[in-house]
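Enquirer: Attaching a predicted model along with its sequence, questions to come.
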Amino acid sequence: MSFSVKKEGEVVVVDVEGQLIVGNRQELKQKVLDELERGEKKFLIDFSQTGYIDSSGLGVLVSLSKKIREQGGELRLANLNDDLKTLFELTKLDTLFQIADTRERALQSF
Amino acid sequence: MSDLAEVLDAFRKATACEAALWVQGGGASPTDAPIAEPRTPGAPKLTVFPSGTDSPVDARTDAGSVLVAAVPGPHRAWLALGPCPAPGVDLRTYMSFLLPVITQYLQSALEVEHAANELAERYEEINLLYTISEILGRTVSLDEAAKTILTEVSETVGARKATVLVHERATDTLRAVAALGVDLTTVPPIRVDDPCSVSARVFRSQHPALLETGESPCPEEAGYRRGAMLSVPIMWTAPAPRGAEPLGVVNLSDRRSGQPFTAGDQKLIAAIATQIGTAIQNTRLVRASVEQQRLSHEMQLAHELQMKLLPSDSILAPDAMVAARVVPAESVGGDFYHLFHLGGSRTGIMIGDVSGHGYQAALIMALTMSAAAIHSQTTTDPGEMLNALVSTLRDELTMTEMFISAFYGVIDPEEGELHYANTGHPHAFLVNREHGFERLPAIDPPLGMNEKPPVTARRSWRRKKDLLVLFTDGVSDARNRAGERLGEERVIETIRDNLDAEPRVILERIVEELNAHTQGAPLRDDLTVVLVRT
C-alpha cells in the first residue's frame, strides 16, 4: 500500500497502489494537501492499481475534492475497476467526481 | 600450615640446624611471630629482612648466626636458617635447597586460599541470585522487589548507598523506585539528557560505569554517591526487531571497604540488573493487561449500550413485520437501523452506515439515531427528513470527515405506496414474486458529501406481497479466509429461495449463508440487514 506522486505537465498525478482504507487514507490526504499548499491546482488520482476503497477512503476523496475546489483547483479520478465503478454508481458518488476511464482522457479533460 | 612445620622439622632433624619462617601480617612491619615455631624455645629474633631480589643475608642474633632470605612471590615471607650447633655448616647450600621448597609450598597455599575465597564469593553471588529469583517469584510490586533486591545486593558487595532508577517515558526522566542509605523521597528525578549525571550517561550509553573516587558534581546524584561508584544499566531484551533497550539504572556507592568496585562486581550487578529489568517488564505487562481488561470491559459496555439504541424489531407490529440485525466489526460500529410509527398504519424504516468504524463512527451513529427519531416525527417525506437530519449533523460530519449512506423509506399500506430517499445506500430492493428484485438505487450521494437536499422517490406497495430488503455493504463484502467476497448475488438468491417465509426466517437464512461463507473469519466492516413486510 503506497502512493506515488509525480507531475505530468501541469497535473499532479497520484497512483494508489493496493488499497485506500482507514489505515492509509491520512497519508494520501497529506500528500495531496502538501502539493496543494505548494500551489498546485490540477490533480489526478489514478486507481489502476487499486483493489479496494473503504468508506473512510471515500471520505478522504470527498474531503480532498472539496479542499481542492476551495483553492480554485480541480480533481479527476481515473481507472476505477469494475467493482469500484459499481461502488461509485450505487452510492451516487459518481455525481460528485469527474471520473475518466483512462489516465490519458483524464489528463486531456483539464 | 602443619605440613610446613613438618618440613621444617625434617630439616632440623637432618641438619641439626634451626629453621624458621617469618611472615608479614596485617600490613604492619615484619612481625616477630614465626608461623613455624622453632623446636627449641627462644628462636633467634630477626632484625634483618632482605628484599626479594637480594641474595641471602647473614645476620647475627642472640642465639648465633643465621642466614635470612626473602621467599619469592606475593607473600611477604622470609626463611631463616641457623644457628647450627656444629661450626662450619654451609647454610647457603641448605638455603638453596630449602628456599624453593618453601616458595613452592607458599605459592600453592596462596592459590588454595584464593580459590577458597573465590568459591566463597561465587557461593555468595549464587545465593544472591537465588534470593532475587525468589523475591521476583513472590511479588509483582516493582518497588517492593527493587528494595529487597537492593538490600541483598548491597550486602554482598558491601555498598552502603544504592538506588534503582527507572525510566519514565512520559517525562523522559530517571526516577528512583528504591533507595538504600538515602531517603527515597529526597532523590530527585534525573533528565535522560542531563549532561553531568552518571546515571543519565549510563542509561544513554547502555554501558556500565566504574568510578573510583570522588563526590558527584551533580546535586541530583550527591545523595547516593560517596567515593567509588558502580552504575549499571538495567537492560531488557525484547523480541526482534526491537532488541535490547534500557529500562533504568542500578547505582551502588559508599563501599564499606573503601576499595573501588571490581569488574567482578560489575558482572554480578549486570546479571542482577537483568533480573530487575524482567521485574520492571513484568510489572508493566501486568499493569497493561489489567488496563486491557478494563478497556475491553468498557468496550463490552459500549457495545451493549449501542445495541440498546437500536429499536426492537417488533415495535412496528402489527402494522409491519420487521426482521433486523446489526453485527459490528469491532465492539462498536457505525451501522444502524431505525423504525418509526408515523401515525395511522404508516411506518418509517431507516438503514444507515456511518463511514469508518470504532468509537468515532459509533458516536456519530448515536447522534444520528436520536436526531432521526426527532425529525421523523416532523415530516413524513423521506427526502425532507434526511435533509433535516443532515442539517443537524453537518458540523460533526464536516469536522470528522465522515458521512452517512442512508436509506429512509415510509410505507403507507393504506395508500399502497412506498416513499423513499436514498443517499448513497447501495443495497436496497423492493422484492415480490411477480417482478423479482427491483433495486431502489441511490438518488443522492451520502449525507455529508454535498449540500443538495435529498430527493424523494415513490413506488407502489402491496400488503403481504412486497418485501423491502435493505442491507449494508458489510454483508455483501463479507470475506472468507481466502479473501473472497460473499457478493450481493448470494444474498439475493438466499432471499429469493425463501421469499414466502416470514422476514424473521429469511434473516436467519441470510445469517446462515453469511456464516457458512466467512467460516469465522474476522469481519472487516459492520453488517446490517433489515427486512420489512406489511
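Expert: Received, thanks.

Enquirer: okay, the closest residue to chain A within the stretch 51-200 of chain B: pLDDT?
Expert: In the stretch 51-200 of chain B, the residue that lies nearest chain A is B:Arg169 (24.3 Å; CB to the nearest CB). Any C-beta I mention is one placed from the backbone N, CA and C, and that applies to glycine too. Looking at B:Arg169, its pLDDT stands at 88.

Enquirer: neighbours of it, just the number please.
Expert: 6 (other CB atoms under 10 Å in any protein chain shown).

Enquirer: residue furthest from the geometric center of chain A?
Expert: In chain A, the residue that sits farthest from the middle, by CA atoms, centre = their mean, is A:Leu90; the gap is 18.3 Å.

Enquirer: mind checking how far that residue is from B:Phe471?
Expert: Plainly put, A:Leu90 is 12 Å away from B:Phe471 if you go by CB to CB, to the nearest Å.

Enquirer: And B:Leu527, how far from B:Met369?
Expert: Taking CB to CB, one finds B:Leu527 at 18 Å from B:Met369.

Enquirer: More neighbours: which of the two?
Expert: Taking neighbours as other CB under 10 Å, B:Leu527 and B:Met369 compare with B:Leu527 leading, 27 against 18.

Enquirer: so what's that one up against?
Expert: Contacts for B:Leu527 (CB atoms under 8 Å, 6 or more residues apart in numbering or on different chains) come out as B:Val326, B:Val327, B:Ala329, B:Asp335, B:Phe471, B:Thr472, B:Gly474, B:Val475, B:Ala478, B:Leu514.

Enquirer: Just give the closest residue to the residue nearest the centre of chain A, not the sequence neighbours.
Expert: Geometric centre of chain A, nearest residue: A:Ile45, 3.2 Å, by CA atoms, centre = their mean. In space, and not counting its chain neighbours, A:Ile45 is closest to A:Val14: 4.9 Å by CB to CB, 6 or more residues apart in numbering or on different chains.

Enquirer: Contacts for the strand or helix carrying that neighbour, please.
Expert: Per DSSP states H and E, A:Val14 falls inside strand A:11-20. With contact meaning CB under 8 Å, 6+ apart, strand A:11-20 is reached by A:1-7, A:28, A:31-32, A:35, A:40, A:42-54, A:57, A:60-61, A:103, A:107, A:110.

Enquirer: Up against chain B, what does chain A have?
Expert: Selection of chain A residues close to chain B by CB under 8 Å from any CB of the partner chain yields A:22, A:54-56, A:58-60, A:62-63, A:87, A:90-93, A:95-96.

Enquirer: If you count contacts, what does the helix ranked longest in chain A end up packed against?
Expert: Using DSSP state H, we find that the single longest helix of chain A is helix A:55-70. Contacts defined by 3 or more CB pairs under 8 Å, 6 or more residues apart in numbering or on different chains; DSSP states H and E place helix A:55-70 against strand A:11-20, helix A:25-37, strand A:42-46, strand A:74-78.

Enquirer: Using CSV, write out every CA atom in the first one.
Expert: C-alpha atoms of strand A:11-20 as CSV (Å, rounded to 0.1, in the frame of the first residue of the first chain):
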residue,chain,number,x,y,z
VAL,A,11,-1.1,17.9,-13.4
VAL,A,12,-0.1,16.2,-10.1
VAL,A,13,-0.8,12.5,-10.7
VAL,A,14,-1.2,10.2,-7.6
ASP,A,15,-1.1,6.5,-8.1
VAL,A,16,-2.8,4.5,-5.3
GLU,A,17,-1.2,1.0,-5.1
GLY,A,18,-3.2,-1.6,-3.2
GLN,A,19,-6.0,-0.3,-1.1
LEU,A,20,-7.3,3.1,0.1
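
Enquirer: which intervals of chain A have sub-threshold pLDDT?
Expert: A:1 (pLDDT under 70).

Enquirer: swap the cut-off to 50 and go again
Expert: Counting by pLDDT under 50, chain A contains no low-confidence segment.
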